[in-house]
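>>> Quick one, structure for this:
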Amino acid sequence: MSKLNVGDLCVTRNANASLLNNGLLVVILAIDPAHYDGAASYLIRRIDGQRIPSTLDIASGIPRFFSYSEAWSSQHKLRRINPDEVLDRVKKTEHLAEHA
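Residues are numbered from 1 along each chain as shown. The predicted model follows:
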């Protein structure tokens, strides 16, 4: 997998904290090359401005629900997407909302 960059749009996957964290559209805010035992870690924020469903408290490791707008994620939990994919998802969501 190629390295991700600040500003890349991604979709979350492979979440082990909570299944609610899968499928979120996020943007990469920062990169810390040594955050997780030398593996690159990415500070992410949802593009819709909502809070991350499940995060682990940095100090205690205790799960927190809908507490933070930003979270650290490892690369294998992110898949880069292009802006056209985002537009397709928005259109599908709008279509579903019209028929609800």
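
>>> Span of stretch 66-84 from start to end?
Counting by C-alpha to C-alpha, to the nearest Å, you get 28 Å between the two ends of stretch 66-84.

>>> Report the rounded mean pLDDT for that stretch.
Per-region confidence: stretch 66-84 scores 89 on mean pLDDT.

>>> What are the buried residues along it?
Within stretch 66-84, the residues scored as buried using 16 or more other C-beta atoms under 10 Å are 68, 71, 72, 73, 75, 77, 78, 80, 81. Heads up, the C-betas are built off the backbone N, CA and C, glycines and all.

>>> before we move on, what about stretch 3-13?
Within stretch 3-13, the residues that qualify as buried by neighbour count (16+ other C-beta under 10 Å) are 4, 8, 9, 10, 11, 12.

>>> out of the buried residues of stretch 66-84, which are inside strands?
Applying DSSP state E to the buried residues of stretch 66-84, the entries found in strands are 71, 72, 73, 78, 80.

>>> Who does the second one form a beta bridge with?
According to DSSP bridges, residue 43 are recorded as the beta-bridge partners of residue 72.

>>> Assess the claim that it and residue 43 are in contact.
Yes: with contact defined as C-beta atoms under 8 Å, residue 72 counts as touching residue 43 (5.8 Å).

>>> Spit out the contact partners of the closest residue to residue 15 other than its chain neighbours.
Here the nearest residue to residue 15 in space, its sequence neighbours aside, is residue 21; by C-beta to C-beta, 6 or more residues apart in numbering that works out to 3.6 Å. By C-beta atoms under 8 Å, 6 or more residues apart in numbering, the contact set of residue 21 is 12, 15, 52, 53, 54.
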